[in-house]
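Engineer: missing the sequence, but the structure's below:
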């Protein structure tokens, strides 16, 4: 919430350069939204690992970040010229994909019958 309410103040902590602040302030709005999905995927990766499921969530993370995020941030940020905002859009999209896949996996794993030892 603080990032959304005070991006100018946060930017002033990092730099006094007006050109850098002109890039940083709009990017901080994206950072605020990306942080929500980053937190969600962190909780979901922990939840799936808590069910003794480590391999599939790791593969989901690898696909989300290496197969989706890396090419996406390269295309959005560099090739298509969206710069820093394009980089964060790519990160955000990959975190949404990761969160959705991890939620699906947790739902599938948590439906299993637990057999007492």
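Structural biologist: Happy to help now that I have it. What you see is a predicted model, and the numbers here were worked out from it, not measured in a lab.

Engineer: Burial check on the residue nearest to residue 26 when sequence neighbours are not counted, number of neighbours?
Structural biologist: In this structure, residue 26 finds its nearest non-sequential neighbour in residue 85, 6.4 Å apart by CB to CB, 6 or more residues apart in numbering. C-beta here means a position set from N, CA and C on the backbone, and glycine is covered the same way. Number of residues near residue 85 (other CB atoms under 10 Å) recorded here: 15.

Engineer: so residue 85 sits right up against residue 25, yeah?
Structural biologist: No: with contacts counted by CB atoms under 8 Å, residue 85 stays clear of residue 25, the gap being 11.0 Å.

Engineer: if I pick the residue nearest to residue 26, what's in contact with it?
Structural biologist: By CB atoms under 8 Å, 6 or more residues apart in numbering, the contact list for residue 85 reads 26-27, 30.

Engineer: Run through who's touching the one helix or strand in the chain whose mean pLDDT sits lowest.
Structural biologist: Scoring the helices and strands of the chain by mean pLDDT, DSSP states H and E places helix 2-5 at the bottom, with a mean of 88. Residues outside helix 2-5 that contact it (CB under 8 Å, 6+ apart): 10, 28-29, 31-32, 35.

Engineer: Return the set of buried residues in it.
Structural biologist: When burial is assessed from 16 or more other CB atoms under 10 Å, helix 2-5 yields no buried residues.

Engineer: what residues are up against residue 86?
Structural biologist: By CB under 8 Å, 6+ apart, residue 86 lies in contact with 73, 75-78, 80.

Engineer: Give the buried subset of those as a ChimeraX selection command.
Structural biologist: To isolate the buried members of the contacts of residue 86 in ChimeraX, using 16+ other CB under 10 Å:
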select :73,76,77
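
Engineer: Mind checking which of the contacts of residue 86 land in helices?
Structural biologist: residue 73 (DSSP state H).
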